[in-house]
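Trainee: Here is the input, now give the coordinates:
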Amino acid sequence: MERVEVNKLKCRYPTLFKMMFFATGVWLLISIANSFGHWLLPERLDHFGMNILELFAIASVVCFFEGFVDLFTRHKICLVDQLTRKVASYTFFLVFGILLIMSIWQWCGASDNALASSDTTGRSISLPSLDGVAYIVGIALKAALFAVAVGAVFMFVKTFLFLFTGRIRKLGIEILVSIGIMAYLTYHAQNHLWLNMSVVLIALAFLYDIWKLADFQGLKVPDNWMEILTKEDD
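Mentor: The predicted model follows:
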């Protein structure tokens, strides 16, 4: 399938999008200014910013969902194809096998410790009984959730990096880089200048590209709306 160049995407609710866009921009400017003045606690400002980013992400999905549906329908693109199902299936069985082996290994270790304790004290220590069916179902549910997550990431990468080109592809790359940086900062909280500058630059690039991507043309009120309304009434 040929790649589709997408530089504009219909925004269904422009008011909602603009509100969240400017809220995110204001928070970013305050964060930059606060790094020099230190008027607010960085932890509280970051927590507030994460809430704004989550709301902005939800608003973006709501605003662009119809545009994506139209885009996929027009070009007859199906995300959940045979390759996606294979990736999710292989991930499920692989994670299920790993979790099952790890659980059996831990249970055998607990059994060995219990037997050693009964040998030294002369008392028999019984391990807590596990419902085998519920235990297997629990492992299967964990593997299924992990497989769904892997499938979602695979579809995201496939959509933004391989199916489309143009500004929408730049947005996909920026989102992936942002997720990687947030995951890194979750386990390695650091306050380096280069890292802060990278976050700011990626955020600015993302805001610029998503604003350019949003298409408000089809939702504008025509200048002669009163004349059109009068003709319809006649």
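
Trainee: Give me the residue at the spatial middle of this protein.
Mentor: residue 179 (7.5 Å; CA atoms, centre = their mean).

Trainee: any idea how far it lies from residue 54?
Mentor: Residue 179 sits 13 Å away from residue 54 when distances are taken as CB to CB, to the nearest Å. C-beta here means a position set from N, CA and C on the backbone, and glycine is covered the same way.

Trainee: Over to residue 80?
Mentor: 25 Å.

Trainee: Next, please give the residue ranges for the strands of this protein.
Mentor: Applying DSSP state E to the chain gives strands spanning 4-5, 9-10, 164-165, 214-215.

Trainee: Between those, which one is closest to residue 205.
Mentor: Closest approach to residue 205 among those (CB to CB): strand 214-215, 15.3 Å.

Trainee: Identify the residues contacting that closest one?
Mentor: 8, 9, 10, 11, 14, 17, 63, 64, 67 (CB atoms under 8 Å, 6 or more residues apart in numbering).

Trainee: The first one: neighbouring residues, count only.
Mentor: In this case it means residue 8. Neighbours of residue 8 under the rule other CB atoms under 10 Å: 15.

Trainee: do the fourth one as well
Mentor: Residues near residue 11, counting by other CB under 10 Å, number 25.

Trainee: where in the chain is pLDDT low?
Mentor: Judged by pLDDT under 70, the chain has its weakly predicted residues at 1-2, 42, 107, 109-132, 188-196, 217-234.

Trainee: Tell me where it has helices.
Mentor: 14-37, 42-75, 82-121, 132-157, 167-187, 193-213, 225-233 (DSSP state H).
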